[in-house]
Every structure is written in C-alpha cells, then in structure tokens.
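Undergrad: sequence plus predicted model, see below.
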Amino acid sequence: MAISPVISGLVTKRSELGRLLAERQEEVQQLQAAVDSLDNAIKLFDPDFDLRRIKAKARYTVNPWFEHGEIGRLVLETLRKSGEPLSTRQLGELIVAERKLRIDGPKEWDWMLKMVHGAAQRLERKKLIKLLGRVKCVGNGPMIWQIV
C-alpha cells in the first residue's frame, strides 16, 4: 500500500521535530549541569546562601521600532504638542502615525501600548507627567496622562 503525500509530509515533519526535541533535551541537560556546578561553587564559598533567592535574568528583546529611551521622549513630545491630556491609546496612535510605523495585528498593537504605558509610568516617576485618572468605561478604562 502506498503512503499518501499528506502522511509522508507529516512523518517528515514529525522526524524533524523529534530531532529538535532531542537536541534541546541535550542542551537542557548541559545547562542543568552548568547551573549545578555554579550552585556547588556558591555553596563552597557560602554554605548558608539560599539559592532560591537567585532569579532568572529577564531576556531583553530588541525593539524594532525605537532606540533605547526613544519612546519616553516621544511620549513627552506628543503630550507637549497636544497641549491636552491624552490616553495611553491616543498617545500610541499619535506616535504610530508620526513615525509612520506599520503595526501588524493586535499582538503588536498590545506590545506598542505596553511600551507607551511603561514609558508614561517612568515619566510619571520622574515627575515629568502625571496620571489624571481613568476614562469611565468597561473594565478599568484607559489611563489619561498630562504633562506637568
């Protein structure tokens, strides 16, 4: 009996994924051995050290749209130009329009709004802008920011 092209393609893909899984499992074992060695070295110098205090370092993802610190400057500049309070979404929309950025889908739009929101919070901590409140709507509603 002949194997259909669909089954053949699925078997090929399954074989590729099996190889990748075996490689990753080997990598995991090597990483675990390296972590165990470091744990032993730490315990050698300080037997009472609590290894559970060590948190995994966050991975920095490269931002394709902005240089380091640029989003904060854009939020501040956008609020200055508008002369009125703006929501996080309005800030995002104005920045996207100004920079002529291409946002593909809701996932990228959420990422953009998180960056704008984070920048606004950092600017608020520096007392350059302030949070006026939230727009009344379903859920918490968007945050409204104003330049100080």
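TA: All right, it came through fine.
Undergrad: domain-wise, how is the chain divided?
TA: Per automatic domain parsing, the structural domains of the chain span 5-53, 70-147.
Undergrad: tell me the mean pLDDT for the shortest one?
TA: Per-region confidence: domain 5-53 scores 95 on mean pLDDT.
Undergrad: and the longest one, by the same measure?
TA: Across domain 70-147, pLDDT averages out at 89.
Undergrad: is W109 in a helix, a strand, or coil?
TA: helix (DSSP: H, G, I helix; E, B strand; the rest coil).
Undergrad: OK, contacts around G118?
TA: For G118, the contacting residues are I71, by C-beta atoms under 8 Å, 6 or more residues apart in numbering. (Each C-beta comes from the backbone N, C-alpha and C, glycine too.)
Undergrad: right, and the helix or strand after the top helix by length along the chain?
TA: Determined from DSSP state H, the single longest helix within the chain is helix 5-45. Later in the chain than helix 5-45, the nearest helix or strand by DSSP states H and E is helix 70-82.
Undergrad: who does that following helix touch, helix- and strand-wise?
TA: Packing partners of helix 70-82 (3 or more C-beta pairs under 8 Å, 6 or more residues apart in numbering; DSSP states H and E): helix 88-99, helix 105-125, strand 129-134, strand 143-147.
Undergrad: if you set the cut-off to 7 Å instead, what comes out?
TA: helix 88-99, helix 105-125, strand 143-147 (3 or more C-beta pairs under 7 Å, 6 or more residues apart in numbering; DSSP states H and E).
Undergrad: quick one on the thing from earlier: which of the domains of the chain has the highest mean neighbour count?
TA: domain 70-147 (a mean of 15; mean count of other C-beta atoms under 10 Å).
Undergrad: show the end-to-end separation of that one, please.
TA: End-to-end distance of domain 70-147: 17 Å, with C-alpha to C-alpha, to the nearest Å as the criterion.
Undergrad: again with stretch 121-132
TA: First-to-last distance for stretch 121-132 - C-alpha to C-alpha - comes to 12 Å.
Undergrad: what about the longest helix of the chain, distance to the chain center?
TA: In terms of C-alpha atoms, centre = their mean, to the nearest Å, the centre of helix 5-45 is found 25 Å from the chain centre.
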